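*Asks:* show me how the following folds:
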Amino acid sequence: MSTLADCVSGSWSPTIGDPTLVGWFTVFFYLFAGILSAVLFARQSGRQRAFWLILATLLLLLAINKQLDLQSALTATGRCLSQAQGWYEQRRTIQLVFILAVVGISFVLAVVVSWMMRRELRYIWLALTGLGFLLAFVVIRAAGFHHFDRLIGSQIGSVRVNWFLELGGIALIIANAAYLLLQKRRD
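*Replies:* Numbering: from 1, shown residues only. Here you go, the predicted structure:
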């Protein structure tokens, strides 16, 4: 086990993962969305209350992850395990299976959450969509699938695709939360 720890620490260390202006903006965007979600948690009842609490917690964890780059630690662990256990050459197949499993589990989870929240969907569908974008982005990125990394690292004009995906998901959550908070003020 110490060999695995040595291997992982050789390729990852807990430092600031994205010290750029956009990186810090993204962290603050996560925190802002988390604060709005926490406010909604305090003001809602029933299943919506639980939804906004879970969302606020996840957004806080994602803000921390954004700068500690924990998915890179997961990728390094997978790489080190595959090399130690001799299946590194088959990693592409394992990565594909992992991504398909994540997509399948995410789909099932989305159906279950949608069913459980069916009476509240009209109030939270935008936040659920944003959360889906964020979780898929983070988990697939953690798989270390280089083709996906190249896609999200590409640019459209001067905007990187990963900024669009990550910030877009957060923006959907913020839009949903702001709408509900403004609607409550009018009532």
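*Asks:* mind listing what Thr129 touches?
*Replies:* By Cβ atoms under 8 Å, 6 or more residues apart in numbering, the contact set of Thr129 is Gly169, Leu172. Where you see a C-beta, it was placed from the backbone N, CA and C, and this is true even at glycine.
*Asks:* please, which helix or strand holds it?
*Replies:* Thr129 is part of helix 121-142, with elements assigned from DSSP states H and E.
*Asks:* quick check: pLDDT value at Ser9.
*Replies:* Reported pLDDT at Ser9 in the predicted model: 78.
*Asks:* out of the helices and strands in this protein, which is least certain?
*Replies:* One helix or strand of the chain scores below all others by mean pLDDT, DSSP states H and E: helix 146-153, with a mean of 65.
*Asks:* tally of neighbours for the nearest residue to Val102 once chain neighbours are set aside?
*Replies:* Closest residue in space to Val102, ignoring its immediate chain neighbours: Val139 at 5.0 Å, by Cβ to Cβ, 6 or more residues apart in numbering. Neighbour count of Val139, defined by other Cβ atoms under 10 Å: 18.
*Asks:* contacting residues for Val139?
*Replies:* Gln71, Val102, Ser106.
*Asks:* repeat that for 10 Å
*Replies:* The contact partners of Val139, by Cβ atoms under 10 Å, 6 or more residues apart in numbering, come to Gln71, Leu74, Phe98, Ile99, Ala101, Val102, Val103, Ile105, Ser106.
*Asks:* if you rank those by neighbours, which is first?
*Replies:* For the contacts of Val139, neighbours tallied by other Cβ under 10 Å; top is Gln71, 20 neighbours.
*Asks:* got phi/psi on Val159?
*Replies:* Phi and psi for Val159, reported as degrees, to the nearest 10, are phi -110, psi 120.
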